[in-house]
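Undergrad: Any chance you could fold what I've pasted below:
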Amino acid sequence: MINLISRNIIRFIFLVLFQVIVLNNIQLNGYINPYLYVLFIIMLPFETPKWLLIISSFLLGLFIDIFSGTIGVHAAACVFLAYCRPAVLRVVSSKKEYEQGIYPIIRDLGFRWFFSYSLILVSVHHILLFFLEAFSFREFFSTFFRSFLSIIFTMLLIVISQYIMYRPKKK
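TA: Coordinates of the predicted model:
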């Protein structure tokens, strides 16, 4: 239990620092903004209580907001992502997902399951985030296009990070 908590705290700190120091400085013409920090919420264990999921997501978004100079948009998008996560888990269910020691990662549940699960959650987060930032439907298609490109780039980073961090199990 202590190992699980410390691993998640380290992941939280690393993703916040990586987002703030590296990824917030990557903006290609203002259209591609990678937000890898959502990986923290995506990778939380299945058994995480809903109240802890919401609070940790709020804190994650709050830290990103503080370091990015935004006013609550990341916190709002993260809380909404955490709220939607249990429903997404039910939609993309797997037989292995409730076994002890299984986590929502590529190594444990496979590429197809992880990709569809992550894509839904990243899409929900990014679309809400970009529309909250714009706070207008006047530039609807431009905002949607920005979120679409950022979803693609963020998913690419998530999949790459999964293969770097979690090597396949040896048989």
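Undergrad: tell me which element residue 79 falls in.
TA: helix 73-91 (DSSP states H and E).
Undergrad: What is that helix packed up against?
TA: For helix 73-91, the elements it packs on are helix 39-42, helix 50-68, helix 111-134, judged by 3 or more CB pairs under 8 Å, 6 or more residues apart in numbering; DSSP states H and E. C-beta: built from backbone N, CA, C; applies to glycine.
Undergrad: Give the closest residue to residue 116 in space, chain neighbours not counted.
TA: Leaving aside its sequence neighbours, residue 116 sits nearest to residue 92 (CB to CB, 6 or more residues apart in numbering; 5.1 Å).
Undergrad: what's near enough to touch the one you found?
TA: 113, 116, 117, 120 (CB atoms under 8 Å, 6 or more residues apart in numbering).
Undergrad: export the residues you listed to a markdown table and tack on pLDDT, neighbour count and distance to residue 4?
TA: Below are these laid out as a markdown table (pLDDT from 0 to 100; neighbours: other CB atoms under 10 Å; distance: CB to CB, whole Å):
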| residue | pLDDT | neighbour count | distance to residue 4 |
| --- | --- | --- | --- |
| 113 | 91 | 18 | 21 |
| 116 | 95 | 13 | 25 |
| 117 | 95 | 21 | 20 |
| 120 | 96 | 17 | 25 |
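Undergrad: What separation is there between the spatially most central residue of the chain and residue 138?
TA: The chain has residue 38 as the residue nearest its centroid, 2.0 Å off, counting by CA atoms, centre = their mean. From residue 38 over to residue 138 the distance is 26 Å, taken as CB to CB, to the nearest Å.
Undergrad: now swap in residue 12 and tell me
TA: Distance from residue 12 to residue 138, by CB to CB: 36 Å.
Undergrad: between the two, who's got more neighbours?
TA: With neighbours defined as other CB atoms under 10 Å, residue 12 and residue 138 compare such that residue 12 has more, 18 against 8.
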